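Colleague: Quick one: sequence and predicted model below, then my questions.
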Amino acid sequence: MPSGPCLQVVPKVEILEVEPTGSLLRRVIELGNGPAKQTLGLLPNEAFEDRARKGTLLAATEGARLLGYVLYDLPTRHNNVTIRQLCVAPEAQEQGIARQLIEAIVKRHGNRRRIDLWCRDSYGLAGMWKALGFHPQGSRRGRSKEGHMLTAWVLDLEDSSHPTLFDEYRTERAIAALDHNVFLDLHIDVDERPQAAESKYLQEEWVADFVELCVTDEVFHEIYGHPDPEEQSVAWQWVDPYRNISKSNDGWKDLKAQVAVLAPKVGEADHHHVARAAAAGADYLVSRDKDLLDAAEAIEGALGLMVLSPAALIVRLDRVRADDPYQPVALQGTQLTQLSPTEDLQGEVLSALLNNPDGERRTDLAARLRPILADRENHDVQVVKGMDERIIAGFARQTVDQRLTIPFIRATRQPGSNVVARQLVFAQRKRAADLRLGEVQITDPNPSKDVREALKAEHFEESPDGWISRVKRGLVDISRVDLQHPSPMTPSEYEDRFWPVKILGGGVRTYLVPIKGPFAEELLDPRLAERSLFPRKLGLGLNREHVYYRNPQNDRGIAAGDRILWYVSGGLPAYRRGSVRAISQVADVVIGRPRTLHARFERFGVYSLEQVLECADRNGHVMALRFVNTEVLERPLVLDELEALWTEQDESFPAPQSPTLIGEHMFCLLYQRSSAYAA
């Protein structure tokens with residue numbers, strides 16, 4: 001980490017994007033894991049390699065000399081740039097290297113809102129951050145053993161009051177249960193316990209922002225069984241600050257036999273650790289036991305509990321902080337079915353969707369479900385089953401006055417459950433829009449963890465009466481909307497929060513974007529959902545958030561917040577005439593190398609690397625359009641209608657070959673004639 005303000009500039013400095021392999025990456029890792037790690041903290045080699053693949057690892061060089069580097073992330077939910085490490089070689093400090101690295105980020109990502117980072121106060125770098133244009137945004141005490149004070153430093157790239165890294169800190173964290181050996185690793189010096197080196201990664205400051213390290217009753221039992229009273233006494237002091245996630249009635253004993261079958265090579269204590277962690281609702285169990293790790297896949301498949309080594313957990317968390325945890329690819333190709341449960345399914349629903357981590361009792365959930373299942377005339381009740389016929393999600397809803405009320409909504413913990421939850425929640429907003437209702441209210445007192453995260457992502461506000469989302473339809477002039485409530489918003493952010501409303505007079509631009517039939521069918525066509533995720537009548541599909549790749553030439557300035565009207569032509573018989581089929585909102589526009597962008601957006605799971613490579617221009621660059629809030633138009637406008645519409649306005653239809661900006665008046669005419677939500 002550099003120290004002190006930048007005073008002079010080294011000549012012939014070149015800022016390079018570090019390749020995922022090669023000598024430059026090795027030298028960057030050596031610099032970061034050398035003496036600088038005392039202030040940078042520990043970071044696995046995989047984290048450097050991951051950023052290099054994503055194009056977010058920059059190096060400052062002078063000839064063959066490495067002068068410094070910056071490693072950063074592009075979190076999609078905040079549209080910020082988050083610096084994880086900024087390092088200048090000792091011999092190059094106070095020569096402007098840090099400034100040039102920051103300026104390189106600004107040049108590459110000037111369309112983002114701000115650059116932010118956390119820095120420990122004791123490093124004495126406040127003067128440097130101020131000199132680089134950053135200002136403090138807030139402070140907190142770190143969750144490491146020492147509890148160092150940390151400050152969030154922010155460099156605004158545009159004038160806005162949007163979420164920052166300080167807000168990211170407040171998000172709900174995952175729960176990692178420690179087995180007894182890993183727990184001891186964190187409190188015994190490596191000199192005395194060499195095998196503990198891997199576990200020490202868990203004490204890094206940033207880790208505590210994404211996961212809470214907890215224990216179960218089994219750790220207490222193992223401490224109690226220690227034969228040395230003095231060492232036992234010390235261990236009691238060590239365990240005192242940890243939260244014990246076990247509950248007396250969590251049903252862990254019912255899982256012991258199942259765990260013994262899943263992990264036959266480990267001992268009874270490990271069986272107890274797994275059963276207790278799973279029953280308590282932990283996301284992870286952290287262990288170094290090889291036999292237990294060998295059984296991890298079977299345990300996760302049966303119980304939804306991920307068993308990871310300390311190093312594997314660090315790599316996973318690092319990727320989570322580097323990007324949005326929303327991973328549609330986790331469910332691509334999964335066969336899910338939706339059905340309306342009968343009374344005889346009540347026991348299965350109770351077992352699958354009981355929220356144990358929040359202490360919900362089976363009798364309480366049964367009392368809540370019984371009148372809902374009995375009153376099918378007024379309640380729409382649906383459950384979703386996986387390929388193995390196990391229930392993985394469910395909800396109940398009814399219309400009360402002008403509000404869609406959801407008394408029950410859950411998703412089980414399993415791979416891809418965050419995707420199911422996100423789609424499930426959005427489906428309720430869409431249902432309200434379809435019924436011309438103004439609000440969605442979630443009254444379930446114990447929605448599952450993934451559902452709670454989805455509610456936040458879908459702009460639901462928590463209130464004493466549950467979670468509330470307001471839904472607005474139609475074309476609305478900006479003079480009739482309040483862009484200050486519940487927090488300051490741009491017109492495009494208003495459209496996102498209150499989808500499917502469209503704002504006029506607010507400067508939101510609309511582009512006709514061409515897309516070939518095969519890609520349109522994958523990204524926009526309702527038949528996609530019937531093939532690979534949910535039936536479209538549930539309002540769910542992979543088109544909630546996706547990426548479209550194109551040649552970056554002639555982009556006409558398309559940017560985040562703009563609208564896309566998708567013009568589909570060619571490639572399939574149904575699209576030979578050309579038509580406007582859907583409308584989306586641009587979440588991000590990124591230009592980069594095909595391999596870098598494919599690695600960054602691979603989680604969306606539709607495009608192969610070969611398809612992305614085909615979109616590259618002669619300089620080897622590709623444009624990725626990340627889009628959200630897609631509405632498949634109720635009445636697609638075919639080419640003849642489009643040409644007639646433009647003729648009425650004394651213009652020629654600009655059959656687009658690249659993004660084509662259209663005027664607001666023309667957008668209104670198109671939307672009014674094609675959208676079910678236009679009025």
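Modeller: Alright, I've got the coordinates.
Colleague: all helices for the stretch 451-600 of the chain, in order.
Modeller: Listed in chain order, the helices of the stretch 451-600 of the chain (DSSP state H, counting those that start in this stretch) span 491-497, 517-523, 527-532, 594-601.
Colleague: which of those helices has the lowest average pLDDT?
Modeller: Least confidently modelled of the helices of the stretch 451-600 of the chain is helix 527-532, at a mean of 38 by mean pLDDT.
Colleague: Show me what the closest residue to L155 other than its chain neighbours is bridged to.
Modeller: Distance criterion C-beta to C-beta, 6 or more residues apart in numbering; nearest residue to L155, sequence neighbours excluded, is I115 at 4.3 Å. All C-beta atoms are positioned from the backbone trio N, CA, C, and that covers glycine. As for beta bridges, I115 partners with V81, L155 under DSSP bridges.
Colleague: what's the neighbour count on I115?
Modeller: As a burial measure, I115 scores 24 neighbours (other C-beta atoms under 10 Å).
Colleague: Distance of it relative to V154?
Modeller: 7 Å (C-beta to C-beta, to the nearest Å).
Colleague: Find the residues that touch each one of those two.
Modeller: F134 (C-beta atoms under 8 Å, 6 or more residues apart in numbering).
Colleague: any idea how far V628 lies from R556?
Modeller: Taking C-beta to C-beta, one finds V628 at 20 Å from R556.
Colleague: Would you map the helices across the stretch 301-450 of the chain?
Modeller: Using DSSP H, counting those that start in this stretch, the helices found in the stretch 301-450 of the chain span residues 310-322, 346-353, 362-374, 417-434, 449-457.
Colleague: Quick one: work out the angle between the fourth one and helix 449-457.
Modeller: Put simply, helix 417-434 runs at 50 degrees to helix 449-457, going by axes from the mean of the first three to the mean of the last three C-alpha atoms, to 10 degrees.
Colleague: Can you list the buried residues in helix 417-434?
Modeller: 417-433 (16 or more other C-beta atoms under 10 Å).
Colleague: sorry, back to before: so which of the helices of the stretch 451-600 of the chain is nearest S658?
Modeller: Minimum separation from S658 across these (C-beta to C-beta) falls at helix 517-523, 15.1 Å.
Colleague: what separates that closest one from the chain centre, distance-wise?
Modeller: 24 Å (C-alpha atoms, centre = their mean, to the nearest Å).
Colleague: Okay, domains of this protein per the record?
Modeller: 14-140+148-157, 174-325, 337-471, 509-674 (automatic domain parsing).
Colleague: Tabulate the ones you listed (a markdown table), appending distance to R480.
Modeller: Formatted as a markdown table, the domains of the chain follow (distance: least, C-beta to C-beta, whole Å):
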| stretch | distance to R480 |
| --- | --- |
| domain 14-140+148-157 | 26 |
| domain 174-325 | 32 |
| domain 337-471 | 14 |
| domain 509-674 | 15 |
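Colleague: so L292 is in which element?
Modeller: L292 belongs to helix 290-294 when assigned by DSSP states H and E.
Colleague: quick one: which of V628 and R556 has more around it?
Modeller: The neighbour comparison of V628 against R556 (other C-beta under 10 Å) goes to V628, with 17 against 14.
Colleague: could you pull out the strands for the stretch 251-400 of the chain?
Modeller: Along the stretch 251-400 of the chain, counting by DSSP state E, counting those that start in this stretch, strands occupy 284-286, 306-308, 337-339, 380-385, 391-400.
Colleague: among these, where is the model least confident on average?
Modeller: strand 337-339 (a mean of 59).
Colleague: how close does the nearest residue to D291 once chain neighbours are set aside get to V508?
Modeller: Using C-beta to C-beta, 6+ apart and skipping residues adjacent in sequence, the residue nearest D291 is K265, 4.0 Å away. Plainly put, K265 is 59 Å away from V508 if you go by C-beta to C-beta.
Colleague: More neighbours: the two, which one.
Modeller: Of the pair K265 and V508, V508 is the one with more neighbours under other C-beta under 10 Å, namely 20 against 11.
Colleague: Is it correct that D617 is in contact with N551?
Modeller: Yes. Between D617 and N551 a contact is recorded at 5.2 Å, counting by C-beta atoms under 8 Å.
Colleague: give me the element R27 is part of.
Modeller: Here R27, judged by DSSP H and E, is contained in helix 23-32.
Colleague: Okay, buried residues for the helix or strand just after that helix please.
Modeller: Next along the chain after helix 23-32, taking DSSP H and E as the criterion, comes helix 37-40. Within helix 37-40, the residues that qualify as buried are 39-40, counting by 16+ other C-beta under 10 Å.
Colleague: which outside residues touch helix 37-40?
Modeller: Contacts of helix 37-40 (C-beta under 8 Å, 6+ apart): 1, 32, 85, 87, 120, 123.
Colleague: Now do the helix or strand following it: distance to the chain's middle.
Modeller: The C-terminal neighbour of helix 37-40 among helices and strands, as given by DSSP H and E, is helix 45-54. Its chain's C-alpha centre and that of helix 45-54 lie 18 Å apart, by C-alpha atoms, centre = their mean.
Colleague: for helix 45-54, what is the average pLDDT?
Modeller: Averaging pLDDT along helix 45-54 yields 89.
Colleague: re earlier: would you mind listing which of the contacts of helix 37-40 are buried?
Modeller: Applying 16+ other C-beta under 10 Å to those flags 1, 32, 85, 87, 120 as buried.
Colleague: Run through the bridge partners of the last one.
Modeller: Yep, that's R120 we're talking about. Judged by DSSP bridges, the bridge partners of R120 are L150.
Colleague: which residues sit in contact with it?
Modeller: Here R120 is in contact with 39, 142, 148-150, 205 (C-beta under 8 Å, 6+ apart).
Colleague: what's the pLDDT at it?
Modeller: Looking at R120, the pLDDT reads 87.
Colleague: Please go through the chain and pick out the longest strand.
Modeller: Taking DSSP state E as the criterion, the chain has its longest strand at strand 622-638.
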